[in-house]
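Peer 1: Need the 3D shape of this:
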Amino acid sequence: MKIISERMRSLRESIKLSQMKLSKAFEISQSSLARYETDDATPPPELLLKYADYFDVSMDYIFGRTDDPHGATYKNHVNIGLNNPEMERFIEMCFDPGSLMNERLKKTLVQMLSETEDIAKTER
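Peer 2: Numbering: from 1, shown residues only. Okay, the predicted model is just below:
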């Protein structure tokens, strides 16, 4: 993918590092690095991980999924979904069916989850 080769070259050039010096640091040949940077060869995943660590950037950035070197392409928002059958099963599993406090505890949990869901919606 062309974006990967562009990002690899851009990262190296951003700190004014030669292909020769970087190839030594990554223990690969300079000619291999040149092929990766010109999109003539596909870099192995291990090398991309080294780039991410060395330049302190995310893999999403290297793959062109984001232009923010340190960010992801999306934020993970958990959808609690109190009407979700899986959530209902989870709540049922949390309590002993024989307990006298069972219904009250379930109602309290549902109320807490509902408040959390409302807060999450306002933050989006």
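Peer 1: Would you mind giving the secondary structure of the closest residue to Asp68 other than its chain neighbours?
Peer 2: Nearest residue to Asp68, sequence neighbours excluded (CB to CB, 6 or more residues apart in numbering): Tyr61, at 6.8 Å. Just so you know, the C-beta spots here come from the backbone N, C-alpha and C atoms, and that holds for glycine as well. Secondary structure, DSSP: H, G, I helix; E, B strand; the rest coil: Tyr61 is helix.
Peer 1: now Val57
Peer 2: Classification of Val57 by three-state DSSP places it in coil.
Peer 1: ok, it - how many residues close by?
Peer 2: 18 (other CB atoms under 10 Å).
Peer 1: any idea of the pLDDT on the residue nearest to Asp68?
Peer 2: Per-residue confidence at Tyr61 stands at 93 (pLDDT).
Peer 1: got it, and Gly98?
Peer 2: 75.
Peer 1: about what we covered before: now do the same contact list for the residue nearest to Asp68.
Peer 2: 7, 52, 67-71 (CB atoms under 8 Å, 6 or more residues apart in numbering).
Peer 1: low-scoring pLDDT stretches of this structure, where are they?
Peer 2: 71-84, 117-124 (pLDDT under 70).
Peer 1: follow-up on the earlier one: and the residue nearest to Asp68, how far from Asp40?
Peer 2: Relative to Asp40, Tyr61 is positioned 22 Å away (CB to CB, to the nearest Å).
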